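*Asks:* Give me a model of this one.
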Amino acid sequence: MPLHFFPRDRHFWLYHFSAVAVGLMASIAIAVVWGFMVRLQVYTSLVWIPFYTLAVLVLRWLYKRRGGDAVPIARLIAIVVLYSALAGMVIGACVTAVVAPMFLKAISAKYKALKIPVIPSELIMNKFMDEAPKSQLFVAIWGFIYISVSSSRRIKNAELFNLRLQNNLKEAQLSSLSNQLNPHFLFNSLNNIRFMIHEDAQRADAMITSFSDILRYSLESSRHEKVRLHHEVGIITKYLAIVKTQLEERLDFSLRIAPGLDDALMPPMVLQMLVENAIKHGLDQLQGGGTLNVEARQLGQCLQLEVRNDAPGAQVATPGCTGIGLLNIEQRLHLLYGELATLDAAHADGVFKVAITLPLERAA
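*Replies:* Below you'll find the predicted structure:
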C-alpha cells in the first residue's frame, strides 16, 4: 500500500480535528476566564492549528517511512521527544511571526494604558516562549498516542492474521481427513457390491442405489464441519442395506436414538466410519456374525454416541488399530472441539465398544 503524506483514512482526520477542537475550546475558555485579549487568543489558536497539523503529519510520515514499528520503544521515545522539541520551536516561531502585528498592537495598547514601557523584541520573545513549549507538549502527546494506537492496531491485525492462518490450516486438515474417508469407504462398499452383482442383479441394483446415496452424502457433507444426527443415522441405514446383502443373517443390528436429538450436530461420516469398522474388524471376522448396537443419548450438555459390536477375543482395542478409522475420527474431534470431545475405545468379554462424547450443539 503506497504511503501518502496526507492520510486517506477519514477516521484519522476525525480524531485529529476532534482533539484540536477540544484544545481550541479549552484555550478560548481559559482566555475568557482570565478576560485577557480573547480575540487575540482565538486568532492565535486558529493560526496555530495548521502549523501543528503539518508538524504531526511529518512525524507520522517519518514513522511510517522509516519503519517505526521495528524501532525499539526506548529509542522511539527519545526520537519523539527530540522531534517534538524541534517542532515546538518551529511552530512557536511561525505562529509568533504570523500573529506578531496583531499581538504587538494589542499588547502595546494594554501596556500604554498601564504606563508600562513597551519593548517589542521582548514581547515577541515572550510570545515565542509561550507558544513553543505548548506546541512541543502537544506534538509529543500526539506522537505517543499515535504510536500507541498504531502498535495496538498492528498487534490486532497480526492476531487476526494468525487466527485466519490457524483457521485455514484447520480447514485444510479437516478436508484432508475427510478426503481420507472417501477412498476407504469406496473400496469397502464396492467390494461388497462385487459379491452380489453376479448372484442377484436386482439386489445388486438396490445396493448401487444405496451406494449412490451414500456417495452423494459423503461429497456434500465434506463441505460442512457438522451435520444433523438424523442425516448421519439415515446414511448408516443405507450403508447397512449394502452390507446386509453380504452378511445376511449374521448381522443383528439395533439402533436407539434418544428423543429430541435428531437436530443435534456432529462431524459428518463419524457414525458411518464407526459402523464400518465394527463390521470389517468385528462381525466380519466372526464365523457366526454377531450384534451391532448404535446408541445416541444426551448426558448433561453433551452428546454421547456409542457403537458396540461383537468382536474376536484376540482383538486389541486401541485408537488407530483399525487402519485410519478411529485415528481419523480422533484427529477430527480434536480439531473441531479441542479438549471438549473425547473418544474412548474398550474391548472386553468379546465386545468392542467405542464411545464418543462431544458438546451438544443443535442446528439453527
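
*Asks:* which secondary structure element contains Arg256?
*Replies:* strand 251-257 (DSSP states H and E).

*Asks:* how about the helices in the stretch 101-250 of the chain?
*Replies:* Counting by DSSP state H, counting those that start in this stretch, the stretch 101-250 of the chain has helices at residues 120-197, 201-221, 229-247.

*Asks:* buried residues in the strand holding Arg256?
*Replies:* Within strand 251-257, the residues that count as buried by 16 or more other Cβ atoms under 10 Å are Leu251, Phe253, Ile257. All C-beta spots, glycine's among them, are computed from the backbone N, C-alpha and C.

*Asks:* For Ile77, which non-adjacent residue is spatially closest?
*Replies:* Phe144 (7.8 Å; Cβ to Cβ, 6 or more residues apart in numbering).

*Asks:* What's the local residue count around the one you found?
*Replies:* Look at Phe144: counted by other Cβ atoms under 10 Å, it has 15 neighbours.

*Asks:* Okay, now the unreliable bits of the stretch 101-250 of the chain?
*Replies:* 104, 106-118, 162-186, 188-189, 192, 221-222, 246 (pLDDT under 70).

*Asks:* Mind doing that once more with 50?
*Replies:* Judged by pLDDT under 50, the stretch 101-250 of the chain has its weakly predicted residues at 180-181.

*Asks:* related to what we said a few turns ago, with respect to burial, which of the helices of the stretch 101-250 of the chain scores highest?
*Replies:* Comparing those by mean neighbour count (mean count of other Cβ atoms under 10 Å), helix 229-247 ranks first with a mean of 19.

*Asks:* Which strands or helices does that one pack on?
*Replies:* Contact here means 3 or more Cβ pairs under 8 Å, 6 or more residues apart in numbering; DSSP states H and E; on that basis helix 229-247 packs against helix 120-197, helix 201-221, strand 251-257, strand 265-266, helix 270-280, strand 290-299.

*Asks:* try it again with 7 Å
*Replies:* Based on contacts counted as 3 or more Cβ pairs under 7 Å, 6 or more residues apart in numbering; DSSP states H and E, the elements that helix 229-247 packs against are helix 120-197, helix 201-221, strand 251-257, helix 270-280.

*Asks:* could I get those as a markdown table with distance to Gln301?
*Replies:* As requested, the helices and strands packed on helix 229-247 are arranged in a markdown table below (distance: least, Cβ to Cβ, whole Å):
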| stretch | distance to Gln301 |
| --- | --- |
| helix 120-197 | 23 |
| helix 201-221 | 24 |
| strand 251-257 | 18 |
| helix 270-280 | 19 |
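
*Asks:* rewinding a little: would you mind confirming that the residue nearest to Ile77 makes contact with Ile79?
*Replies:* No. Between Phe144 and Ile79 there is no contact, the gap being 11.3 Å when judged by Cβ atoms under 7 Å.

*Asks:* any idea how far stretch 70-86 is from the chain center?
*Replies:* Offset of stretch 70-86 from its chain centre (Cα atoms, centre = their mean, to the nearest Å): 33 Å.

*Asks:* Pull out the buried residues from that stretch.
*Replies:* Leu76, Ile79, Val80, Tyr83, Ser84.

*Asks:* tell me which of the buried residues of strand 251-257 is nearest to Tyr239?
*Replies:* Phe253 (10.7 Å; Cβ to Cβ).

*Asks:* From Ala85, how far off is that closest one?
*Replies:* Taking Cβ to Cβ, to the nearest Å as the measure, Phe253 falls 84 Å from Ala85.

*Asks:* Ok, Thr209 next?
*Replies:* 84 Å.

*Asks:* Now do the buried residues in stretch 343-363.
*Replies:* For stretch 343-363, by 16+ other Cβ under 10 Å, it's Leu343, Ala345, His347, Val351, Phe352, Lys353, Val354, Ala355, Ile356, Thr357, Leu358, Leu360.

*Asks:* from those, which two are the most distant?
*Replies:* Comparing every pair within the buried residues of stretch 343-363 by Cβ to Cβ identifies His347 and Leu360 as the most remote, at 27.4 Å.

*Asks:* And the pLDDT for the nearest residue to Asp252 once chain neighbours are set aside?
*Replies:* Spatial nearest neighbour of Asp252, excluding adjacent residues (Cβ to Cβ, 6+ apart): Thr291 at 4.5 Å. As predicted, Thr291 sits at a pLDDT of 92.

*Asks:* pretty sure Thr291 contacts Ala311?
*Replies:* No. The criterion here is Cβ under 7 Å, and Thr291 misses it with Ala311 at 10.5 Å.

*Asks:* so what does the strand holding Arg256 touch, helix or strand wise?
*Replies:* helix 229-247, strand 290-299.

*Asks:* Parallel or antiparallel, list what pairs with the shortest one.
*Replies:* Within its sheet, strand 290-299 is paired with strand 251-257 (parallel), strand 302-310 (antiparallel), according to DSSP bridges.

*Asks:* ok so, going back, can you redo the helices of the stretch 101-250 of the chain as a markdown table with distance to Leu299?
*Replies:* Listed next are the helices of the stretch 101-250 of the chain as a markdown table, based on distance: least, Cβ to Cβ, whole Å:
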| stretch | distance to Leu299 |
| --- | --- |
| helix 120-197 | 25 |
| helix 201-221 | 25 |
| helix 229-247 | 14 |
